[in-house]
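>>> no FASTA, just this:
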């Protein structure tokens, strides 16, 4: 699975990842070879994952797609994935004054590495591929300290600043132009196993910023668009658009919602 991720990175951003030094004249032939390798390798691993699921007696997915069909759909989606990821890199460049270039973001930012893997894993999760999406998410979790469940729905222009200790749960829904800092948790209340099919994690609307070490819990919790959540906030209830929530150590938590005044 790690080798598959490396291959997908090389296809999505040729010249950025991998050992091979590429010339423009070589790109077409190299890409064709990589796509052929991906088709064989990914199809094989998806086939193994479905076989494992039967042996493990896990609940059967409802998908009617074959491993070959899922593989081909991922290959067909690579151009769209690349566009999404370029938007994420642009958001991180714009959102971090220390960033000097898109190249720096793509090559060195752990937040970008995490969202790159997540968008691949989420595609496979949507197509009900067993095990592989979670393995991908845990590989990048171990490398970056950023834990994003492959089921989480994340919009465009997603910015992770620093990112260490960031946790995003399976049923979280994140809009466009959202910025999260290190240590943020979009989590769930403790529920029994019977509640696993419920929405357990919060929804974050467009243009929201959540600062370091804040925790937002619950499937019914909605953060309205253009809101700002300060650091170290513990939040378990919805807030309207254009709200500001921050900790005041003299009077606990202050809420500020200009549109509601």
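Now that the structure is in, tell me what you want to look at. As the structure is a computational prediction, the values presented were derived from the model and not from experiment.
>>> in stretch 157-166, what's buried?
Buried positions in stretch 157-166, judged by neighbour count with 16 or more other Cβ atoms under 10 Å: 157, 158, 159, 160, 161, 162, 163, 166. Using the backbone N, CA and C atoms, a C-beta is placed for each residue, glycine as well.
>>> what of stretch 234-254?
Buried, per 16+ other Cβ under 10 Å, within stretch 234-254: 235, 239, 241, 242, 243, 244, 245, 246.
>>> distance from that stretch to the middle of the chain?
Relative to its parent chain, stretch 234-254 has a centroid offset of 26 Å by Cα atoms, centre = their mean, to the nearest Å.
>>> farthest-separated two in the buried residues of stretch 157-166?
With Cβ to Cβ as the measure, no two of the buried residues of stretch 157-166 lie farther apart than 157 and 162, at 17.7 Å.
>>> ranges for the helices of this structure?
2-12, 27-55, 67-95, 102-108, 110-126, 132-144 (DSSP state H).
>>> and residue 134, how far is that from residue 77?
20 Å (Cβ to Cβ, to the nearest Å).
>>> check residue 139 too.
Relative to residue 77, and taking Cβ to Cβ, residue 139 is found at 20 Å.
>>> then residue 216?
30 Å.
>>> settle it for me: which of the two has more neighbours?
residue 216 (26 against 14; other Cβ atoms under 10 Å).
>>> who are the contact partners of that one?
184, 185, 186, 187, 202, 204, 210, 223, 229, 233, 235, 236 (Cβ atoms under 8 Å, 6 or more residues apart in numbering).
>>> one more time with 7 Å
186, 202, 223, 235 (Cβ atoms under 7 Å, 6 or more residues apart in numbering).
>>> what sits closest to the second one if chain neighbours are left out?
Yep, that's residue 202 we're talking about. residue 221 (4.0 Å; Cβ to Cβ, 6 or more residues apart in numbering).
>>> over to the last one?
The shortest distance from residue 235 to any non-neighbouring residue, by Cβ to Cβ, 6+ apart, is to residue 216 (4.7 Å).
>>> bridging residues for that neighbour?
residue 186, residue 235 (DSSP bridges).
>>> shaky segments in the chain?
Under the criterion pLDDT under 70, the flagged ranges of the chain are 194, 250-261.
>>> try it again at 50.
The chain contains residues with pLDDT under 50 at 260-261.
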